[in-house]
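**Student:** Pasting the sequence and the predicted coordinates here, then a few questions.
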Amino acid sequence: MSGSLLDAGAVIGCPHGGRASTATTPTAAVLIDGRAVATAAHAYAVTGCPHTVNGVPSPCVSVRFSADGSGVTVDGASVLLDTSAAQCLSAAFVPQGPPVVQAAQRKVTVR
C-alpha cells in the first residue's frame, strides 16, 4: 500500500462535514515537518457533524483507523497514511462512512 504519511495536524473530516482532531497526544518519536507522525494507536474525535437518521441526530463522534499492514510502525503502532482504511462512528459505534482525509504532500512517503 502506498500513500503519504499523516501527522498530528492532518485535516480529517467525517463524510457529513464534521471535523476530526486527534483526541490523544501523539508520541513525538518520529516527526514530519515538526509534527508527530499519526499512528493507528491514536484516537480521533469528531465535532460539528450534522448527520441525522430519519430526523434524529446521529452525528459522527469518532474515527477509527485500521492498521494497514505496511510494516512501518512507530512505538509498535502502524503509521497512518492518507490511504489507510478508516470508519467514522456514531456514539453507538454505528459505522457512518469513511472519513475525508486531505492529503498533504510530504517529503517522506511509504511505498
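**Tutor:** Arrived safely.

**Student:** wait, what's in contact with the closest residue to Phe65 other than its chain neighbours?
**Tutor:** Leaving out its chain neighbours, the residue that sits closest to Phe65 by C-beta to C-beta, 6 or more residues apart in numbering is Ala86, at 4.4 Å. In this view, the C-beta of every residue, glycine as well, is placed from N, C-alpha and C. Neighbouring residues of Ala86 by C-beta atoms under 8 Å, 6 or more residues apart in numbering: 63-66, 98-99, 101.

**Student:** Same list, those, but as TSV with distance to Leu5, neighbour count and pLDDT please.
**Tutor:** TSV is the format used below for those (distance: C-beta to C-beta, whole Å; neighbours: other C-beta atoms under 10 Å; pLDDT from 0 to 100):
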residue	distance to Leu5	neighbour count	pLDDT
Val63	17	25	95
Arg64	19	15	93
Phe65	13	23	89
Ser66	16	12	83
Pro98	18	13	96
Pro99	16	21	95
Val101	12	22	90
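
**Student:** and which of those is nearest Val74?
**Tutor:** Nearest to Val74 among those is Phe65, at 13.4 Å by C-beta to C-beta.

**Student:** I figured the closest one hits Ala40, correct?
**Tutor:** Yes - Phe65 lies in contact with Ala40 (C-beta atoms under 8 Å); the separation is 5.1 Å.

**Student:** Give me the common contacts of these two.
**Tutor:** Taking C-beta under 8 Å, 6+ apart as the criterion, Phe65 and Ala40 both touch 80, 84.

**Student:** Give me the below-cutoff pLDDT ranges for the chain.
**Tutor:** Residue ranges of the chain with pLDDT under 70: 1, 26-28, 67-70, 103-111.

**Student:** That one: strands as residue ranges?
**Tutor:** 3-4, 12-13, 19-22, 31-32, 35-36, 44-47, 52-53, 56-57, 60-65, 73-74, 77-78, 86-90, 100-101, 109-110 (DSSP state E).
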